[in-house]
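Engineer: compute the structure for the input listed below.
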Amino acid sequence: MANDHEQLMIDLLTPVVAVPVSTGRGDELPYLRLRRVGGAATSRVREDVIMVFEWYDHTEMEAQRQLEQVRGYLMERAASVALSKVIRSVSELGGPVRLPDPDAPGAERYTMTLSLGMRRRLTAS
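Structural biologist: Here you go, the predicted model:
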């Protein structure tokens, strides 16, 4: 089950990549898997979210190319007015790099880790 920041990224990337995007494994190749793996609140309204993005595809070349496009999209759009209300910054912590997945035979996986400066979800106290 996706948390708020994961769901926001799924909603943002699904129309852009035109493949299934989720926090779990896809049924068929290609697909994009993303998961929040860390981060912390930096203020009352901002949170640095560390997220791993994994592109699974038929070929290593295609997995790398597609994940690099996701990275470029997020980095270019972070400064745009439309996204800056939700994603304030994007910093690359690692990748894109090939990382074979022993649980997905026949699939090529490229992965990257990004730190996303995002708006916190505020709850009533």
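Engineer: for this protein, which spans come out with low pLDDT?
Structural biologist: Low-confidence segments of the chain, defined by pLDDT under 70: 1-2, 79, 81-85, 121-125.
Engineer: so what touches the helix ranked longest in the chain?
Structural biologist: For the chain, the helix that runs over the most residues, judged by DSSP state H, is helix 60-77. Outside of helix 60-77, the residues within contact range by C-beta atoms under 8 Å, 6 or more residues apart in numbering are 13, 16-17, 19, 30, 32, 53-57, 83, 87, 90, 92, 95-96, 98, 108-112, 114, 116. Glycine gets a C-beta too; all of them are placed from N, C-alpha and C.
Engineer: any idea how far it is from the chain center?
Structural biologist: Relative to its chain's centre, helix 60-77 lies at 10 Å (C-alpha atoms, centre = their mean, to the nearest Å).
Engineer: are any of the contacts of helix 60-77 buried, and which?
Structural biologist: Neighbour counting with 16 or more other C-beta atoms under 10 Å marks 13, 17, 19, 30, 32, 53-57, 83, 87, 90, 95-96, 108-112, 114, 116 as buried within the contacts of helix 60-77.
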